[in-house]
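Chemist: Provided below are the primary sequence and the corresponding predicted coordinates.
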Amino acid sequence: MMKFETIKLDIDKDFAKITLNRPEKLNTINGVMIEELERAIKIIEDEEKVKVILITGSGKAFCAGADVSWLGNPNSDEVVKMVRKLQYTLLKLQFSDKISIASINGAALGGGCEIALACDIRIASKNAVFGQPEINFGIIPGAGGTQRLPRSIGNLAMELILTGRHISADEAYRIGLVSKVADENRLHDESMKLVDEILLKPRIALRCAKKAVLRGYGIGVLEGIEYELEMFSQVIKSEEAKYGLNVFVKEKRIPYKGGW
């Protein structure tokens, strides 16, 4: 396994885990972390067996945003270059065939919120806090916050971006930013329960379902439905679908169903 300075990467067969690992700095983002995240995502993409990626933080935070000492570097062109690299890395994560889950164990602010937003599913601990506070420092989100947050929560995103205010895990759940809130001591177990549930699902169906949902974000309903049918036609011809439907007809059981 490759060594990293600011993150941890663990791959176990069909499951990969990225842990943001600057706990003494609340896992804030600097240039090294951006480089290492890019490298980790590439490694995972090259692992054909991996179906699910879990992203979390070490210590008390998920990621409290950018390291201000790095962000305030006089060489602003270098900062812009690295933020662009973070943008591309999060796009690779978002449009990956792998299913990504953010397990948010504390503050997810600024760039931390943007990392979580690039994931397909978000689960938070009760002590988690969310926000895009960049405007309070005289800047704006630069790694997708102005684009993904409105797509996740609608009009409220404008208020959060323009005021920079934080919201609690409960409010994040109420507005649909996260799908579940768990006790702090249960977050890992609840996250892994979801990981295990998704790992049961057939790979082709996961990939096509994710593609159909993502494609629908920026197009009209009619075009989206056509693309959905294109994905459906791929799935229905797969061996996974033939097996799943055949088992249900003959044995009256659902082969890819978990414990829900």
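Modeler: Cool, the structure landed.

Chemist: Only C-alpha atoms from now on, for both contacts and neighbour counts.
Modeler: Noted.

Chemist: my read: F248 touches P255, true?
Modeler: Yes: using Cα atoms under 8 Å, F248 makes contact with P255 at a distance of 7.2 Å.

Chemist: For the two, indicate the residue with more neighbours.
Modeler: Just comparing F248 and P255: by other Cα atoms under 10 Å the higher neighbour count belongs to P255, 16 against 12.

Chemist: Contacts only, for the more buried one.
Modeler: In this structure, P255 makes contact with 244, 247-248, judged by Cα atoms under 8 Å, 6 or more residues apart in numbering.

Chemist: how about 10 Å then?
Modeler: P255 sits next to 200-202, 243-248 when contact means Cα atoms under 10 Å, 6 or more residues apart in numbering.

Chemist: Could you do S179 as well?
Modeler: 121-124, 172-173.

Chemist: Check I29 too.
Modeler: 6, 20-22, 63-68, 70-71, 86, 110-112.

Chemist: I figured R253 hits Y243, correct?
Modeler: No: R253 lies out of contact with Y243 (Cα atoms under 10 Å); the separation is 11.7 Å.

Chemist: hmm, back to that, out of the contacts of S179, flag the one nearest to I53.
Modeler: The shortest approach to I53 among those belongs to I121, at 10.4 Å (Cα to Cα).

Chemist: check contacts around the closest one.
Modeler: Contact partners of I121, counting by Cα under 10 Å, 6+ apart, are 54, 99-103, 177-180, 194.

Chemist: Likewise for M158?
Modeler: Contacts for M158 (Cα under 10 Å, 6+ apart) come out as 146, 149-150, 164.

Chemist: ok, which pair from these is furthest apart?
Modeler: Farthest apart among the contacts of M158 by Cα to Cα are P150 and G164. That separation is 14.3 Å.

Chemist: Settle it for me: which of the two has more neighbours?
Modeler: Using other Cα under 10 Å as the criterion, P150 and G164 rank with G164 on top: 19 against 15.

Chemist: For the more buried one, what are phi and psi?
Modeler: Backbone dihedrals for G164, given as degrees, to the nearest 10, come out at phi 70, psi 10.

Chemist: Make sure it is actually in contact with F137.
Modeler: Yes: between G164 and F137 there is a contact under Cα under 10 Å: 9.3 Å.
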